Structures are given as C-alpha cells and as structure tokens.
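Chemist: no sequence on hand, only this structure:
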C-alpha cells in the first residue's frame, strides 16, 4: 500500500494503519537494511488535472485509499500535501472545481526480502507493535492546486461546468493548451463566476520525502 508523506518514516520500522503512524519497533535490522539498501532512480515530473464533482473523484485522482481519506477528513491523521487538501470542505452547490497535481520524484529507497528480520518484537501483542512495516520510501514533492470557479448565480453553474468540460474534458495532462482554454473561458463567461485558487504542497528540505510503501 502506498501512503502519502507522514513524519517519522524510516525503512524497516513498524507502522500502524489504525492510527496511520510509524511504530516504535524495527521489524528489520537497521544495520542490515543500510548494508543491503537499494536505490532506484525515479526522476520525473507529472502534471495532471481533473474536474472534481465528489469526494470519490478526489480520492481516485489523488490515489488515496477510501478509509485513509475518511480519517484525514475527520482530522484523525495529519498528512502533508494531498492530506491538507482533503481536510478542507468544498461547497459544490455553486462551485466548479478543477484539481491540478504536480508530482515530482527523484528516487526510491528500499531493501530486499532477505534482509535480517529482528526477533525482539515477536510474541508481543500487535497493538504494541503495529500492523505493517515500511518497505520503501520515495523522495520528491507534490503540489496540489484547487482551481475553483464559483458561480455568481446558481443558474450559471451548469453553464460554467459545460464550458470547462467542452474545452478540457474531465481530465488530462496539464500543458499550455489548458492555460489557453481557461483564459478563453474566463473571457466568454466574464461576470458569471469568481475565481478562487488554493495551493497545498509537501513541506521540508530540498527533495523531501513524498511517499512510502508499507508491507
């Protein structure tokens, strides 16, 4: 399972899916993890957009598990980037929202299955250990932009949505054509909506931790 960035992620460390937090015990031996560390170059940047009409659209587009999504919305867990966006409530009655993501990855660190397994956690109740362990960590960054067209009158909402879908469809890759289409829509529907733009991003040093995988 892929988990968006959470503080305290260390390879081989236990992880509890109930609280969505790293545990305190190492499942695999840290020195042996360091010895067998595998670095996989993953340098790429991907920019995409999607018209959002429901929370399920958001979860699907951001690739966040439904149960995790609910925990984020309830404030039970704190996740940088996508989690910050999902914690916000959007009134869609008069709003047409285009969600834009820019994902950048630099490398993935992982370790092989033959890495030495520790035994000091075995025999203890799962509640004191966790449910999974951290198998890999991907470094990079994520930028999420919520581009909302808020209708000045309720009757304008469907007209705005129709104009956006006609020009851009439901989803696609972000490029210069998208910018041009949005500028054209702004001119054609001038006075029928106001624009609200909010950005959410992972924070930290250069090439920060972006995602990690548990097993």
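Modeler: In hand now; what should we look at? All values reported here derive from a predicted model rather than from experimental measurement.

Chemist: who touches the helix or strand harbouring residue 40?
Modeler: In the assignment (DSSP states H and E), residue 40 maps to strand 38-52. Strand 38-52 is contacted by residues 57-58, 61, 90, 96-112, 138, 140, 161, 164-165, 168, 170-175, 178 when judged by C-beta atoms under 8 Å, 6 or more residues apart in numbering. (Each C-beta comes from the backbone N, C-alpha and C, glycine too.)

Chemist: buried ones in it, by neighbour count?
Modeler: By 16 or more other C-beta atoms under 10 Å, the buried positions in strand 38-52 come out as 49-52.

Chemist: could you look up the SS state of the residue nearest to residue 105 when sequence neighbours are not counted?
Modeler: Spatially, and ignoring its direct neighbours in sequence, residue 105 is nearest to residue 140 (3.7 Å; C-beta to C-beta, 6 or more residues apart in numbering). Recorded secondary structure, residue 140: strand (DSSP: H, G, I helix; E, B strand; the rest coil).

Chemist: residue 140 touches residue 102, doesn't it?
Modeler: No. Between residue 140 and residue 102 there is no contact under C-beta atoms under 8 Å: 10.4 Å.

Chemist: comparing the two, which residue is more hemmed in?
Modeler: Under the criterion of other C-beta atoms under 10 Å, the comparison of residue 140 against residue 102 puts residue 140 first, with 21 against 16.

Chemist: quick check: the gap between the more buried one and residue 21.
Modeler: 22 Å (C-beta to C-beta, to the nearest Å).

Chemist: ditto for residue 85
Modeler: Distance, residue 85 to residue 21, by C-beta to C-beta: 20 Å.

Chemist: so for those two, which residue has more residues nearby?
Modeler: In terms of neighbours (other C-beta under 10 Å), residue 85 is the more surrounded of residue 85 and residue 21; the figures are 23 against 17.

Chemist: excluding its backbone neighbours, what's nearest that one?
Modeler: residue 200 (4.5 Å).
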